[in-house]
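Colleague: need coordinates for the following:
(one chain, ligands or ions: 2)
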Amino acid sequence: MTPLTHDPVLLADARSETVPFAYHHLSETFPAQTAARLRETFPESGFTKVTGADPEKTYTMWTRPLHPAPAESVGELPTPWQEFVREVTGARYRTALAALTGLPLDPCPVEVNLWRYPPDCWLDPHVDKPGKLVTHVFYFNEPWSESWGGNLLLLGSQDPDDVVRRVTPVHNSSVVLVRGETSWHAVESARPENPGAVRLSAQVIFHRPE
Ligand SMILES: O=C(O)CCC(=O)C(=O)O
Ligand SMILES: [Fe+2]
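Modeller: Ligands and ions are numbered 1, 2, ... in the order given. From the prediction side, this is the model:
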């Protein structure tokens with residue numbers, strides 16, 4: 001059996017930004033081989049529907065909880081993803097993320113989940129719920145072109161056109177979003193002419209302690 005290598009997330013290489021709000025971008029999140037294994041084994045089953053609310057149109061994206069996760073689903077998780085969960089729920093990553101963000105993350109419950117967005121799904125502008133202190137979003141699409149849409153939009157206000165930064169969900173990149181009253185962001189719809197690519201992401205969320 002392949003040993004659990006427990007590769008670190010390369011947070012030391014993050015580019016820290018303050019505009020339009022505090023966030024950090026990593027163009028290479030994992031060593032290339034680790035990222036490739038995660039990409040190749042990104043799960044296809046165990047997802048449940050999330051229906052987007054839009055008066056004109058309904059659409060469905062899919063999510064799967066990895067931590068906490070239903071006990072029976074853990075054994076089915078491919079080994080690279082079991083390693084991912086161990087790494088992002090472990091002390092090394094938590095300490096590095098606390099150092100990067102300046103937030104006291106020690107007492108925070110951590111949640112890990114996966115997302116599959118078929119073409120044409122989007123998320124309207126929002127600031128994350130106040131209970132979320134910081135969210136790290138990891139992307140696994142290869143290839144992905146900015147022109148396909150599906151970009152994470154970092155906004156200057158609630159206005160979807162007030163786009164300050166556009167983060168393309170390219171393979172092995174990731175973004176750490178620090179939640180605040182003005183941390184407006186949205187996910188742009190992936191264009192239908194995008195050749196069938198499903199937008200694949202994982203999220204690690206540190207929640208404010210109860
Ligand atoms: O997938 C992304 O790029 C961001 C998703 C997001 O903002 C959220 O789920 O709250
Ligand atoms: Fe969000």
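Colleague: just give the closest residue to the residue of the chain found nearest ligand 1, not the sequence neighbours.
Modeller: Per C-beta to the nearest ligand atom, Leu152 is where the chain lies closest to ligand 1, at 3.7 Å. C-beta here means a position set from N, CA and C on the backbone, and glycine is covered the same way. Nearest residue to Leu152, sequence neighbours excluded (C-beta to C-beta, 6 or more residues apart in numbering): Val167, at 4.1 Å.
Colleague: likewise for Arg15?
Modeller: Arg15's closest residue in space is His25 (C-beta to C-beta, 6+ apart), at 4.9 Å.
Colleague: partners of Val137 in the sheet?
Modeller: Using DSSP bridges, the beta-bridge partners of Val137 come out as Val175, Gln203.
Colleague: state the number of residues packed around it.
Modeller: By the criterion of other C-beta atoms under 10 Å, Val137 has 20 neighbours.
Colleague: then Ala186?
Modeller: By other C-beta under 10 Å, 18 other residues sit near Ala186.
Colleague: neighbouring contacts of the helix or strand hosting it?
Modeller: Assigned by DSSP states H and E, Ala186 belongs to strand 185-187. Contact with strand 185-187 is made by 117, 121-127, 150-155, 160, 177, as judged by C-beta atoms under 8 Å, 6 or more residues apart in numbering.
Colleague: who in this structure is up against ligand 1?
Modeller: Within the chain, the positions near ligand 1 by C-beta under 6 Å from any ligand atom are 123, 128, 137, 152, 185, 187, 201.
Colleague: dump those residues into CSV; add pLDDT and distance to Phe30 as well.
Modeller: Formatted as CSV, the residues of the chain next to ligand 1 follow (pLDDT from 0 to 100; distance: C-beta to C-beta, whole Å):
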residue, pLDDT, distance to Phe30
Leu123, 90, 25
Asp128, 94, 24
Val137, 98, 14
Leu152, 97, 19
His185, 97, 23
Val187, 93, 22
Ser201, 97, 14
